[in-house]
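A.B. asks: Quick one: sequence plus predicted model below, questions after.
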Amino acid sequence: MEKTYYDPADLKKFGDVSEFGPELAKKFFDYYGEVFKDGALTAREKSLIALAVAHTVQCPYCIDAYTTDTLERGCSEEQMMEAVHVAVAIRGGSSLVHSVQMMNKVKEVSM
Amino acid sequence: MPSLKHTGNKLFDPQVQLKYLETHINGLNVFDQDLTASGLSPLKPRSLDVLQINVGKVCNQSCHHCHVDAAPDRKESMTTETFQQCLDVVRKNKFSMVDITGGAPELNPNFRWFVSELKKLKVNILVRCNLTIINSHKRFSDLPEFYAENNVEVIASMPYFTKNRTDSQRGDGVFESSIHALQMLNAVGYGMEGSDLRLNLVYNPSGAFLPGDQLALEQQFKKELFDRFSINFNNLYCITNLPISRFLNYLITSGNYQNYMEKLSSSFNPVAAQNVMCREMISVGWDGSLYDCDFNQMLELGVDLESISHISEYDHTALIGRNIRTNQHCYGCTAGTGSSCGGSVV
């Protein structure tokens, strides 16, 4: 094993996952390619969503890939950071909204 | 920033650049092998429609990515005699376009005379303008009118629609000056609906990444520049930064060289290679030397003919039969949808 779990060079080996399971890998990469094509949303909008999701799942490979991709698609630094803040708001909000359960429980057991 | 030449940077020497490109392969593909595998080697011209003339390296700007290493401290500038030789060649041969570049071509004292003489020859004239030259001194403030009178197609550098990213590539204050210049060009009819005066913008990525889809970026630029500054233009040309001169220096010093070259070479597209601009043009240096393109010019890779090296020796038939010289930097024009002085080629 490497001394660290994450090596930036591994991103380029993503396609190599087919070595241990070619059929499923092909289905995944075909699907992946279709997902990111222009559709009801533009490829640029999808790239910004991917950047936000990458921060939510805290995947360094995805952050690397979609920072470059959004830059190539002409996104500004402000747009990229706003996308990340959307992820942050949902992630923070998802914690905060659970405090309703905490409040319910407190009220249930309190006099 | 001063030029590589002025600072004594060893990368100023084209031989040092070529040696770096040829010896730092590290698992990269080799351009000439990819070209051979695509059935395109040796690369040959398809026609000779465009005469691109680099009239000098003098510039009022000093951009971080400049493949010419142009700057205010450069002195190289085409002489009247060489201009006259270019005119003679245009007069005797059929070119669809004369493409004038630099440096800032307007800083050559012969620039306006040369454009006026070209107009008499009824050839399409294209000038690559850095925009800020128009506001750099009052003697240049009538350039929009001059371009219009001579029906010049203006290709203007505009790397992005925000100040930060533009100024980080081209220098402090460039964005605001460029916006003002574009508004001046619009005011005389350039880029406006119903006008024959064409204004196209050039987008270069401000860093070690490739340009995205040209049409999508053009739509974005049109919306942003109009909404923010009421600016109109015709088309956006996406040009990939080639790994030579100052951009090569940036790639090496920033630690981005290997990744950038991997991305360029792994994106080699044989269809883009078929359509590279060097197959339809010849490039003239400030001293009259002949090259396959402006990038080969900066690497001092002269045309591959024993009998012809200078505009005074121009021979249309011999030049159209030449082999085009290639090296690792050529991946910049063949990656993805390709890149040329007129944008994507696929």
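C.D. replies: Nice, I can see it.

A.B. asks: and the longest helix for the chain?
C.D. replies: Going with chain A. The residue-count maximum for a helix in chain A (DSSP state H) belongs to helix A:77-97.

A.B. asks: oops, chain B please
C.D. replies: Across chain B, the longest stretch assigned as helix under DSSP H is helix B:214-229.

A.B. asks: chain center to that helix: distance?
C.D. replies: Put simply, helix B:214-229 sits 22 Å off its chain's centre (C-alpha atoms, centre = their mean, to the nearest Å).

A.B. asks: and what of stretch B:173-193?
C.D. replies: 20 Å.

A.B. asks: what does stretch A:57-64 give?
C.D. replies: Distance of stretch A:57-64 from the chain centroid (C-alpha atoms, centre = their mean) equals 7 Å.

A.B. asks: Could you list the contact residues of chain A toward chain B?
C.D. replies: Within chain A, the positions near chain B by C-beta under 8 Å from any C-beta of the partner chain are A:12, A:42-44, A:68, A:71-74, A:76-78. (Each C-beta comes from the backbone N, C-alpha and C, glycine too.)

A.B. asks: Buried subset of the residues you listed, written for ChimeraX?
C.D. replies: The ChimeraX selection below is limited to those of these classed as buried (16 or more other C-beta atoms under 10 Å in any protein chain shown):
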select /A:42,44,68,71,72,73,74,76
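
A.B. asks: Give me the three-state assignment for residue B:283.
C.D. replies: strand (DSSP: H, G, I helix; E, B strand; the rest coil).

A.B. asks: Give the burial count for it, as a bare number.
C.D. replies: Residue B:283 has 25 neighbours, counted by other C-beta atoms under 10 Å in any protein chain shown.

A.B. asks: so what's it up against?
C.D. replies: Contacts for residue B:283 (C-beta atoms under 8 Å, 6 or more residues apart in numbering or on different chains) come out as B:52-54, B:290-294, B:296-297.

A.B. asks: Next: residue B:32.
C.D. replies: For residue B:32, the contact set (C-beta under 8 Å, 6+ apart) comprises B:41, B:326-327.

A.B. asks: just residue B:178 next, same as before
C.D. replies: Residues in contact with residue B:178 (C-beta under 8 Å, 6+ apart) are B:131-132, B:156-158, B:166.

A.B. asks: Which secondary structure state does whichever residue of chain B sits closest to chain A sit in?
C.D. replies: Chain B approaches chain A most closely through residue B:212 (4.1 Å), counting by C-beta to the nearest C-beta. Under three-state DSSP, residue B:212 falls in the coil class.

A.B. asks: swap in residue B:154?
C.D. replies: With three-state DSSP as the basis, residue B:154 sits in strand.

A.B. asks: Residue B:174 touches residue B:136, doesn't it?
C.D. replies: No: under the criterion of C-beta atoms under 8 Å, residue B:174 makes no contact with residue B:136, lying 10.9 Å away.

A.B. asks: of those two, who's got more company?
C.D. replies: residue B:174 (22 against 18).

A.B. asks: mind listing what the more buried one touches?
C.D. replies: By C-beta under 8 Å, 6+ apart, the contact list for residue B:174 reads B:61, B:131-132, B:166-167.

A.B. asks: Select from these the one having the most neighbours.
C.D. replies: Neighbour counts for those, by other C-beta under 10 Å, peak at residue B:131, which reaches 26 neighbours.

A.B. asks: can you pull out the helices in chain A?
C.D. replies: All helices of chain A, identified by DSSP H, fall at A:22-35, A:43-56, A:60-72, A:77-97, A:99-109.

A.B. asks: Near chain A, which residues of chain B are found?
C.D. replies: Counting by C-beta under 8 Å from any C-beta, the positions of chain B adjacent to chain A are B:160, B:162, B:164-165, B:205, B:207, B:209-213, B:216-217, B:220-221, B:262.

A.B. asks: so residue B:126 sits right up against residue B:152, yeah?
C.D. replies: Yes: using C-beta under 8 Å, residue B:126 makes contact with residue B:152 at a distance of 7.1 Å.

A.B. asks: Overlap in contacts, the two.
C.D. replies: Among the neighbours of residue B:126, none is also in contact with residue B:152 (C-beta under 8 Å, 6+ apart).

A.B. asks: what about residue B:181, neighbour count?
C.D. replies: So residue B:181, with other C-beta under 10 Å, has 25 neighbours.

A.B. asks: Then it would be within a helix, right?
C.D. replies: Yes: per three-state DSSP, residue B:181 lies within a helix segment.

A.B. asks: Show the contacting residues for residue B:221.
C.D. replies: The contact partners of residue B:221, by C-beta under 8 Å, 6+ apart, come to A:74, B:158, B:161, B:201, B:203, B:233, B:236.

A.B. asks: Identify the farthest-apart pair in these.
C.D. replies: A:74 and B:233 (15.2 Å; C-beta to C-beta).

A.B. asks: For the spatially closest residue to residue B:91 that is not a sequence neighbour, grab phi and psi.
C.D. replies: The spatially closest residue to residue B:91, leaving aside those adjacent along the chain, is residue B:121, at 5.9 Å (C-beta to C-beta, 6 or more residues apart in numbering or on different chains). Phi and psi for residue B:121, reported as degrees, to the nearest 10, are phi -90, psi 0.

A.B. asks: dump the residue contacts of residue B:121.
C.D. replies: For residue B:121, the contact set (C-beta under 8 Å, 6+ apart) comprises B:87, B:90-91.

A.B. asks: Helices - which of the residues you listed land there?
C.D. replies: Mapping the contacts of residue B:121 onto helices (DSSP H) picks out B:87, B:90-91.

A.B. asks: circling back to that earlier point, any idea of the mean pLDDT for the helix or strand following the longest helix of chain B?
C.D. replies: Heading C-terminal from helix B:214-229, the first helix or strand you meet, by DSSP states H and E, is strand B:236-238. Taken as a whole, strand B:236-238 has an average pLDDT of 95.
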